[in-house]
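With the input below, show me the fold.
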Amino acid sequence: MNPGRILAMIGAGLGLAAAVIAGSLALGGTTQMAPPDEAQPIVVGVVAAPGEELTGPTDLPPLAMVLEDPVPEDIASLSPSGQVARYRDDARDDDAASLLRLAAAEQRAGAQDAAADAYRRARAADPDGIEPAIGLAMVDAATGDAGMARATSALAGITRRNPASQVAWFNRGWLATYRRDGREVITSWKRVAEIDPDTPIGRTTVALLKGIAEQGTRTGTTGGTTTG
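Residues are numbered from 1 along each chain as shown. Coordinates of the predicted model:
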């Protein structure tokens, strides 16, 4: 967990969305966010009800699935394309975990088509796994507002069928940041913390919720949603 990254973003006076972006990618003492590359951010419309949308900047990074396990420090320091190259060397068609790491790295690099291919290969290697389904939903979400709506429905179904999956609930909340739906972010991430606050993704979520609450106190918002 890297609380300094979260607190620095909040302390700098940036909006709630910026704090969420910075913090949600920090897992287990490292970060899944690579240094800036040429990938362009996606921008989607506000779909939350008025008064419930996230506040802050809209220049979000390329939408990518957040995995349960942190990216190792030696890989996290690489550029997005460098991360992809490292994970591509390790990826095997009989190893779903290696393909998931590759797919998420492709997404962080903005290569959604390549990510979809890797997620499909991961699904073939582990037909019963929920992570490939989450990843494919996130790829769909990156196509625009219609894909975002489909992905939101898909993640709702995945969490309904897998109510104890922290990675499913976390990504449901992460997806909601791109929809700028503050209420959904809080609801999903509270569920992550309830399941187990002591896993890497659980500790990250607890810190995020604390940061969001503190930011809400300073800006006149409550629980990640505006009060006006």
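
Ala164 - that's part of a helix, no?
No: going by DSSP: H, G, I helix; E, B strand; the rest coil, the assignment for Ala164 is coil, not a helix.

which residues sit in contact with it?
Ala164 makes contacts with Ile195, as judged by C-beta atoms under 8 Å, 6 or more residues apart in numbering. (C-beta placed from N, C-alpha, C; glycine too.)

per-residue pLDDT, it?
Predicted confidence (pLDDT) for Ala164: 97.

For the longest helix belonging to the chain, buried residues please.
Ranked by residue count and defined by DSSP state H, the top helix of the chain is helix 200-219. Using 16 or more other C-beta atoms under 10 Å as the burial criterion, the residues of helix 200-219 that qualify are 200-209, 211-212, 215-216.

do the same with stretch 72-87
Applying 16+ other C-beta under 10 Å to stretch 72-87 flags Ile75, Ala76, Leu78, Pro80, Ser81, Gly82, Gln83, Val84, Arg86, Tyr87 as buried.

Name the nearest of those residues relative to Ile186.
Ala76 (27.2 Å; C-beta to C-beta).

Can you pick out the most distant pair from the buried residues of helix 200-219?
It's Pro200 and Gly216 that sit farthest apart of the buried residues of helix 200-219, by C-beta to C-beta, at 24.8 Å.

Which residue ranges of the protein form strands?
Using DSSP state E, the strands of the chain run over residues 26-27, 30-31, 221-222, 225-226.
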